[in-house]
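Peer 1: Return atomic coordinates for the entry below.
(one chain, ligands or ions: 1)
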Amino acid sequence: MTTRIKICGLTRPEDAREAARLGADAIGLVFYPKSPRNVSIEQARAIVAALPPFVTVVALFVNPTREWVDEVLAGCAIDLLQFHGEEEPVFCRSFHRPYMKAVRVRTAGDVLDAARQYPDARGILTDAFVEGMHGGTGTRFDWGLLPQQLSLPLVLSGGLSVDNVAEAVHEVRPAAVDVSSGVESSKGIKDAALMAAFIAGVKHGSV
Ligand SMILES: O=C(O)c1ccccc1N[C@@H]1O[C@H](COP(=O)(O)O)[C@@H](O)[C@H]1O
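Peer 2: A predicted model of the protein is given here:
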């Protein structure tokens, strides 16, 4: 199976265009005001308009209100929701859109528990646990905590970079990888050379 690639935390149309040109399957837009990568609906619309067809647009939220998710969905062409906080399953599914649930991994049971709790999610995204932060920290976690088998597709994230992504893909065999910090020159600004090397690393690790 091809390992799909999501580049998250874009804030500029030109970075989205470049990510797609290089072969990213999905891009992520952060709708979380506390993030340095937060975008407005207007910014998001401009980013989405820069994309060619067949690139999945993911909207990332952390404990949003229903009204905020509805406003984003009404204002911008979103394909998939990514919930990164403590959102309940009933909330995640209530938008009638495909969604992923993120889990910040501390114990071997965390990912299995999440798959049991969110059986209708399109995937479980695993991130590092960093006290007081919800994600996008550039921190990796112990991949040995991940289950060998999971009922849902596993999206590996958390501190992935050009230096470790081939090893990560080779070792974990995730359905997809998600990266933000590891391909940035500064927060929210993606580096074309790093994105290219990251995507090459995924391909290298997949063989
Ligand atoms: O990118 C952010 O600022 C962010 C904020 C709050 C929650 C999640 C966030 N990003 C996601 O975190 C993971 C790991 O990112 P990194 O590669 O370690 O920087 C990834 O899924 C991002 O989409």
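
Peer 1: Stretch 178-191: how far from the chain's middle?
Peer 2: On the basis of C-alpha atoms, centre = their mean, to the nearest Å, stretch 178-191 sits 12 Å off its chain's mean C-alpha point.

Peer 1: Using PDB, write out every CA atom in it.
Peer 2: Extracted C-alpha coordinates of stretch 178-191, given in PDB (Å, rounded to 0.1, in the frame of the first residue of the first chain):
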ATOM      1  CA  ASP A 178       1.400  13.800   8.700                       C
ATOM      2  CA  VAL A 179       4.000  16.500   9.200                       C
ATOM      3  CA  SER A 180       4.100  20.100  10.100                       C
ATOM      4  CA  SER A 181       7.200  21.400  12.000                       C
ATOM      5  CA  GLY A 182       9.600  19.100  10.200                       C
ATOM      6  CA  VAL A 183       9.100  20.800   6.800                       C
ATOM      7  CA  GLU A 184       9.100  24.400   8.000                       C
ATOM      8  CA  SER A 185      11.600  27.200   7.800                       C
ATOM      9  CA  SER A 186       9.600  29.000  10.400                       C
ATOM     10  CA  LYS A 187       6.200  28.400  12.000                       C
ATOM     11  CA  GLY A 188       3.500  28.200   9.200                       C
ATOM     12  CA  ILE A 189       6.100  28.700   6.400                       C
ATOM     13  CA  LYS A 190       6.900  25.600   4.500                       C
ATOM     14  CA  ASP A 191      10.300  24.900   2.900                       C
END
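
Peer 1: Alongside the ligand, which residues does this structure contribute?
Peer 2: With C-beta under 6 Å from any ligand atom as the criterion, the chain meets the ligand at residues 8-9, 28, 30, 32, 35, 37, 60, 62, 84, 125, 127, 134-138, 157-160, 178-182. Bear in mind the C-beta positions are built from the backbone N, C-alpha and C, glycine included.

Peer 1: Show only the entries of these found in strands.
Peer 2: Mapping those onto strands (DSSP state E) picks out 8, 28, 30, 60, 125, 127, 178, 179.

Peer 1: want to throw the residues you listed into CSV with neighbour count and distance to residue 189?
Peer 2: Formatted as CSV, those follow (neighbours: other C-beta atoms under 10 Å; distance: C-beta to C-beta, whole Å):
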residue, neighbour count, distance to residue 189
8, 25, 13
28, 24, 15
30, 27, 13
60, 29, 17
125, 31, 23
127, 25, 21
178, 28, 18
179, 30, 14
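
Peer 1: Just give me the closest of those residues to residue 48.
Peer 2: Ranked by distance to residue 48 (C-beta to C-beta), these are led by residue 28 at 11.7 Å.
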